[in-house]
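> coords below, sequence missing:
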């Protein structure tokens, strides 16, 4: 029928669509009014309901639909409507389309300048301004400031984000709860990026409070993962857990249907349960999050889910499975509203280090321009901590002295920055790495000092995986700590988790050396195997050095490393022990 009418009376079809648009607009159905006006190609008719519909559609996460409609309008029509211009800019930002945002905001600002005093302007638009929604027009200065803060944040401009977010908050009335929430959140992002986590937490808490006062529970709970992430970096796992549980209670209290955002909360809960060592609970929470996927608000939920499941796989010793999930996470990655402080590439490097793939890991560090002598910033803290892991692994492999000196210097600077920024969560991991760096050199007594500090910070918050995932070297250190009565209950718990998980996993690197069938503190490098093979011959030291084309001092270093790794003190004992372990 429609096709026949289009063929026989195309003008009548447009007239019918136009009338339908007017009827729907009068009866409070803006979406239908817009669709019919666009079908009639009556762009003037579509512009009015589009302008009025923006606030409600923005609040209900329908900016993508609105953006598609406004893109159908002629450019000159949009430019004559300052409210529509700003809505367009914000819709572009919501979709991650940064190109065009600045032009739209400038179009709107030109109208504000001409209304403030046309005699002061040399550039006066040749068309008349059109305003349908007077209330939105009056609030444009604050709305533009909010949009500029969001634009600056998307460009990584922290000072610009702070400047415009504060301007928006100064311009907005105290009771404009929803409108104040957005710049408060953006200000929180800026503080977070600069490493001022307490100020960031206050701003995000302010954002959530404003949203609750506005009656928008959905948006209020959407900020929970940010509050929790901040507390996790601060080493306050129980507070992070409490934030998720409180928001889950709030979401559940809304009844059926399941509130959007609930899936996000279960995902965050899973990450904390994993760190606390309850892998089964973590897996169940993650499955619940996936089942509720349609009730998510985070566009990056699928990406974060892959990362969370990869963490569980890694904890279970399935490193190949973890890598597959991280590859998938890279494919699914969507830039979210906050900075990516734990890039997937760095997470992959950590798995590669555990797999002994040092060439790839070092290549990543070079590609990222990372070195032990970089200026440090909170935004790259996770990458620099990952670099420290790579450098420790390299030292274990090649025993080059300057490598370990570099990493010790880097860790000292990282620890100082983390402590200054009150990031106890970061400090715990850095202290663990300092302990492992000493252990890699065979210096157990000095390794216990940073380990004790890490244990004291970690025990009240229930950290498990941060220690257990370090496998053999950490198991050895925890055994030494227990022998020296350092946090005996906590070290016993961590060692018990290591032993229990080893029985459930094919990854035998959970257990302390004494419990392994091949009790090496760490594997021999290929060069050390070459040396060991020649030690079993009648060749003298100088003859072995000539055979391998290395200096006598280098040969002695390799020999000392072999003795340390297989637990012997002489050439004869080393050969006998190597035969027992089937290393020759």
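Yes, it's here. Treat the numbers as computed from the prediction; the structure is a model and nothing was measured.
> quick one, helices of the stretch 101-250 of the chain?
Using DSSP state H, counting those that start in this stretch, the helices of the stretch 101-250 of the chain run over 101-116, 134-138, 140-154, 158-171, 177-194, 197-213, 217-222, 224-233, 237-252.
> what do you get for the stretch 401-550 of the chain?
Along the stretch 401-550 of the chain, the segments classed as helices by DSSP H, counting those that start in this stretch run 401-420, 424-440, 444-458, 465-468, 471-483, 488-504, 526-535, 541-548.
> which ones are touching the nearest residue to residue 488 once chain neighbours are set aside?
Of all residues not flanking residue 488 in the chain, residue 482 sits nearest, at 5.7 Å (CB to CB, 6 or more residues apart in numbering). Placement of C-beta: from N, CA and C, glycine included. For residue 482, the contacting residues are 488, 491-492, 495, by CB atoms under 8 Å, 6 or more residues apart in numbering.
> Just put those residues in TSV and tack on neighbour count and distance to residue 109.
Shown next, in TSV, are those (neighbours: other CB atoms under 10 Å; distance: CB to CB, whole Å):
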residue	neighbour count	distance to residue 109
488	12	66
491	24	62
492	12	65
495	22	64
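> what pLDDT does residue 511 get?
If you check residue 511, the pLDDT there is 41.
> pLDDT-wise, which helix or strand of this protein ranks last?
Using mean pLDDT, DSSP states H and E, helix 2-8 stands out as the lowest-scoring helix or strand of the chain, at a mean of 51.
> following it, which helix or strand shows up next?
Using DSSP states H and E, the helix or strand that follows helix 2-8 towards the C-terminus is helix 10-26.
> Which of the three states applies to residue 273?
What DSSP: H, G, I helix; E, B strand; the rest coil gives for residue 273 is helix.
> residue contacts, it?
Neighbouring residues of residue 273 by CB under 8 Å, 6+ apart: 279, 281-282, 285.
> Same question for residue 439.
Counted by CB under 8 Å, 6+ apart, residue 439 has contacts 447, 473, 476-477.
> okay, those residues in CSV with pLDDT next?
Formatted as CSV, those follow (pLDDT from 0 to 100):
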residue, pLDDT
447, 96
473, 88
476, 87
477, 93
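> one step back: turn the contacts of residue 482 into a markdown table, including distance to residue 50 and pLDDT.
Output for the contacts of residue 482, formatted as a markdown table (distance: CB to CB, whole Å; pLDDT from 0 to 100):
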| residue | distance to residue 50 | pLDDT |
| --- | --- | --- |
| 488 | 68 | 92 |
| 491 | 64 | 94 |
| 492 | 66 | 92 |
| 495 | 64 | 90 |
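> give me the low-pLDDT residue ranges for this protein?
Along the chain, segments meeting pLDDT under 70 span 1-11, 114-126, 294-299, 336-339, 501-522, 582, 584.
> Mind splitting it into its structural domains?
1-138, 216-338, 341-409, 423-521, 526-580 (automatic domain parsing).
> Any chance of CSV for those, columns distance to residue 145?
Listed next are the domains of the chain as CSV, based on distance: least, CB to CB, whole Å:
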stretch, distance to residue 145
domain 1-138, 10
domain 216-338, 17
domain 341-409, 24
domain 423-521, 30
domain 526-580, 61
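> Residue 177: which of the ones you listed is closest?
Residue 177 lies closest to domain 216-338 among those, at 8.4 Å (CB to CB).
> gap between that closest one and the chain center?
A distance of 11 Å separates the C-alpha centroid of domain 216-338 from that of its chain, computed with CA atoms, centre = their mean, to the nearest Å.
> do stretch 553-565 as well
41 Å.
> Show which residues not belonging to that stretch make contact with it.
Outside stretch 553-565, the residues that touch it by CB under 8 Å, 6+ apart are 399, 442, 520-524, 527-528, 531-532, 535, 541, 544-545, 548, 550, 569-571, 574.
> Got a quick PyMOL command for the buried subset of those residues?
To isolate the buried members of the contacts of stretch 553-565 in PyMOL, using 16 or more other CB atoms under 10 Å:
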select buried, resi 399+520+521+522+523+524+527+528+531+532+535+544+545+550+574
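> thinking again about what came up before, for the domains of the chain, which one sits closest to residue 163?
Using CB to CB, the nearest of the domains of the chain to residue 163 is domain 1-138, at 14.5 Å.
> From the chain's centroid, how far away is that closest one?
Centre to centre, stretch against its chain (CA atoms, centre = their mean), the figure for domain 1-138 is 36 Å.
> If we go by neighbour counts, what in the one helix or strand residue 561 maps to is buried?
Residue 561 is located in helix 552-566, with elements delineated by DSSP H and E. Within helix 552-566, the residues that qualify as buried are 554-555, 557-559, 561-566, counting by 16+ other CB under 10 Å.
> same thing with stretch 375-395?
Of all the residues in stretch 375-395, those buried under the rule 16+ other CB under 10 Å are 378-395.
> For residue 568, which three-state class applies?
What three-state DSSP gives for residue 568 is coil.
> Identify the residue spatially nearest to it, adjacent ones excluded.
residue 574 (4.6 Å).
> sorry, back to before: and which of the contacts of residue 273 is nearest residue 357?
residue 279 (24.6 Å).
> tally of neighbours for the closest one?
Look at residue 279: counted by other CB atoms under 10 Å, it has 20 neighbours.
> residues touching it, list them.
Counting by CB under 8 Å, 6+ apart, residue 279 touches 273, 312, 315-316.
> now the residues you listed in CSV, with distance to residue 346 and secondary structure?
Formatted as CSV, the contacts of residue 279 follow (distance: CB to CB, whole Å; DSSP: H, G, I helix; E, B strand; the rest coil):
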residue, distance to residue 346, secondary structure
273, 23, helix
312, 18, helix
315, 18, helix
316, 21, coil
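> Roughly how far does residue 213 sit from residue 178?
Distance of residue 213 to residue 178, computed by CB to CB, to the nearest Å: 9 Å.
> Who has more neighbours out of these two?
residue 178 (17 against 14).
> re the thing from before, in contact with the residue nearest to residue 568, which residues?
Counting by CB under 8 Å, 6+ apart, residue 574 has contacts 532, 535, 559, 562-563, 566, 568.
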